[in-house]
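Asker: Here is a sequence with its predicted model. Questions after.
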Amino acid sequence: MFKKLIIALAALSLSAGLAAGYLVWRSQQAAPGEASGYFTPDDRMMSVAGANVRVRIEGPADAPPVILIHGFIYSLESFDAWAADLKRDHRVIRFDLLGHGLSGPDPQQRYSPQERAEFIGAVMDALGVERATIGGNSLGGLAAWRFAATAPERVAALILISPGAYPNQGVADTPQSTPAPFAFFLRNPTEAGVGLALQGVYADKAALTPDVVKRATILMRQPGNGEAFVQSIEEFSLPDPEPMLKAITAPTLILWGAEDKVIPVDQGDRLAVAIPDARLIVYPGVGHVAHEEAAERTISDVRAFLADIEGGAP
C-alpha cells in the first residue's frame, strides 16, 4: 500500500537534497497551537487502552452508530463530507488512528494492521458502543475488515473504500524497511512534499485543495507522528487475506476508484468474491480516496446500502 508513496517521496527527497529539505521544513513549522484549530466542539480527547485518542461524535445519540476510519498519514477529517450527510440520522463516530492527527503516538506502539483492528473494539468499548457499521479507507479499511472478521458480532455492516488486503507492490508476508529519504520525509514533512505525495492518491486533482495539503502537513507534524508513521510501515504486511475475508459475516459494500494508483481496482473484484455477502461499486475517473473525490456519488450509494441493511429510506 505504501510503496507508491515511498517511491514518490524518496525521489522528492533525493532530488531536493536532504539538507535543503530540512531548511524548508524548519521554515514551515506549524506555529504553536495551529493544529488546535482542527479540534472542534464535537471532538474529545479520550484515554483508550492506554493511549490518547481524538474522537469526534456527531448525530443523534440514539441513532444507529457508524464508525469511519481514515487512511495512512490522513486524519478523521478525511470523512468530513460523509459525516455531514450521515449525521442527520446516524451517530457518526470518527477517531484519529494512533500515531495520526491529534491522537499522537501509541506508548505501546500498536501499529500492525491486526493491532489497529483490535483497537477499533477498544474505542467501541470506551464509548459504550456494542455494535456498529464500520467504514474505512485504505489502512483504515484494512483494520475495518480485519475487525469484522475477528469480531463479527460487533459489526452490523461493513463499508470499505479501497482497503488494503492482498499483497501489493512488493508488500506481502514480510514488512518492508523504510527507505532513509522517505523516513526523513515522514519525520520532517513539508507542504511541498505532502502535496507531491498526494498527487498520486487523487485522480481528481480538484479534490486536492491547498487546504487539504496544509491540514495534512500540520497534522503530520504533530509530536511523535513522524516516528509512528515509520514504525507503522515497519510493522505493515499483507499476507494472504482470504481465510479471514471468508469469515466476514457482515453485509459489505466495497467502493473503488477506477483510477486508483495506490491499490489496483482488480483487488476490489477479488474482495467482492472472497467476502460472502459483498457488492462492489467502481467509480470512473476517481482515485484512492473515493469518499473525498466523489463524495456525492459515494454517499448516495452508502445511503442506499444502509437503507437495505436498516430497513429505512435512503
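Answerer: Everything's here; your move. Numbering: from 1, shown residues only.
Asker: What separation is there between residue 254 and residue 43?
Answerer: With the distance defined as CB to CB, to the nearest Å, residue 254 ends up 29 Å from residue 43. For glycine as for every other residue, the C-beta is placed from the backbone atoms N, C-alpha and C.
Asker: quick one, which of those two is more surrounded?
Answerer: For residue 254 versus residue 43, neighbours defined as other CB atoms under 10 Å are more numerous around residue 254 (24 against 18).
Asker: what are the phi and psi angles of that one?
Answerer: Taking degrees, to the nearest 10, you get phi -110, psi 120 for the backbone angles of residue 254.
Asker: just the CA coordinates of stretch 131-138, formatted as CSV?
Answerer: Extracted C-alpha coordinates of stretch 131-138, given in CSV (Å, rounded to 0.1, in the frame of the first residue of the first chain):
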residue,chain,number,x,y,z
ARG,A,131,-22.4,-2.9,17.6
ALA,A,132,-21.9,-0.6,14.7
THR,A,133,-21.5,-0.2,11.0
ILE,A,134,-17.8,0.1,10.3
GLY,A,135,-16.3,2.0,7.4
GLY,A,136,-12.7,2.6,6.4
ASN,A,137,-10.4,3.8,3.6
SER,A,138,-7.0,2.2,2.8
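Asker: Go through it and flag the buried ones.
Answerer: With burial defined by 16 or more other CB atoms under 10 Å, the residues of stretch 131-138 counted as buried are 132, 133, 134, 135, 136, 137, 138.
Asker: how close does the third one sit to residue 175?
Answerer: When CB to CB is the yardstick, residue 134 and residue 175 sit 24 Å from each other.
Asker: same question, the last one
Answerer: In this structure, residue 138 lies at 17 Å from residue 175, with CB to CB as the measure.
Asker: cool, the fifth one as well?
Answerer: With distances defined as CB to CB, the gap from residue 136 to residue 175 amounts to 20 Å.
Asker: Any stretches of the stretch 1-150 of the chain with poor pLDDT?
Answerer: Counting by pLDDT under 70, the stretch 1-150 of the chain contains low-confidence residues at 1-33.
Asker: whoops, the stretch 201-314 of the chain was the one
Answerer: For the stretch 201-314 of the chain (pLDDT under 70), the answer is 312-313.
Asker: what's the distance between residue 112 and residue 130?
Answerer: 25 Å.
Asker: partners of residue 48 in the sheet?
Answerer: residue 51 (DSSP bridges).
Asker: Look at it and say how many residues are nearby.
Answerer: Quick note: residue 48 (other CB under 10 Å) scores 20 neighbours.
Asker: quick one, what contacts it?
Answerer: 119, 122, 123, 126 (CB atoms under 8 Å, 6 or more residues apart in numbering).
Asker: Just send those back as TSV, with distance to residue 230, neighbour count and secondary structure too.
Answerer: Converted to TSV, the contacts of residue 48 look like this (distance: CB to CB, whole Å; neighbours: other CB atoms under 10 Å; DSSP: H, G, I helix; E, B strand; the rest coil):
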residue	distance to residue 230	neighbour count	secondary structure
119	19	23	helix
122	23	15	helix
123	24	20	helix
126	27	15	helix
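Asker: Out of the residues you listed, flag the one nearest to residue 309.
Answerer: Set against residue 309, the nearest of the contacts of residue 48 by CB to CB is residue 123 (21.4 Å).
Asker: Was I right to think the closest one contacts residue 95?
Answerer: Yes. With contact defined as CB atoms under 8 Å, residue 123 reaches residue 95; the gap is 5.7 Å.
Asker: Pull up the overlap in contacts between these two.
Answerer: Common neighbours of residue 123 and residue 95 (CB under 8 Å, 6+ apart) are 53, 55, 67.
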